[in-house]
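Novice: Return a 3D structure for these sequence lines:
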Amino acid sequence: REIVADQRLVFTWGEPGDEDAPVVTVSFENLGELTRLTFDIRGIKGMPGDENFYDGWDSALDELAQHIGQNEVLG
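Specialist: Numbering: from 1, shown residues only. Below is the predicted model:
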């Protein structure tokens, strides 16, 4: 839905054309040697331990951190 280089990425999480699909906004903040990612997800309720949406994102971010050479997600 929206790409603002080095600032924000907005996309839907679902089938193309699904007007009720959750909307994910990822904001990027340069912190020098680190980048803060802030996620805002609208249209679905997730919670730790749901073994679905929340836990899936948590796991994906851990994988991303490992891929880029960090041992853990900070913050």
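Novice: Please confirm that residue 54 is located within a helix.
Specialist: Yes - assigned with DSSP: H, G, I helix; E, B strand; the rest coil, residue 54 falls within a helix.
Novice: which non-adjacent residue is nearest it?
Specialist: Excluding the flanking residues, the one nearest residue 54 by Cβ to Cβ, 6 or more residues apart in numbering is residue 46, at 3.3 Å. For every residue, glycine as well, the C-beta is placed using N, CA and C.
Novice: quick one, phi psi at the one you found?
Specialist: Main-chain torsions, residue 46, degrees, to the nearest 10: phi -120, psi 160.
Novice: Wait, it touches residue 57, no?
Specialist: Yes - here residue 46 reaches residue 57: they are 7.4 Å apart, a contact under Cβ atoms under 8 Å.
Novice: residues contacting the residue nearest to residue 54?
Specialist: By Cβ atoms under 8 Å, 6 or more residues apart in numbering, the contact list for residue 46 reads 52-55, 57.
Novice: which of these are buried?
Specialist: Among the contacts of residue 46, those classed as buried by 16 or more other Cβ atoms under 10 Å are residue 54.
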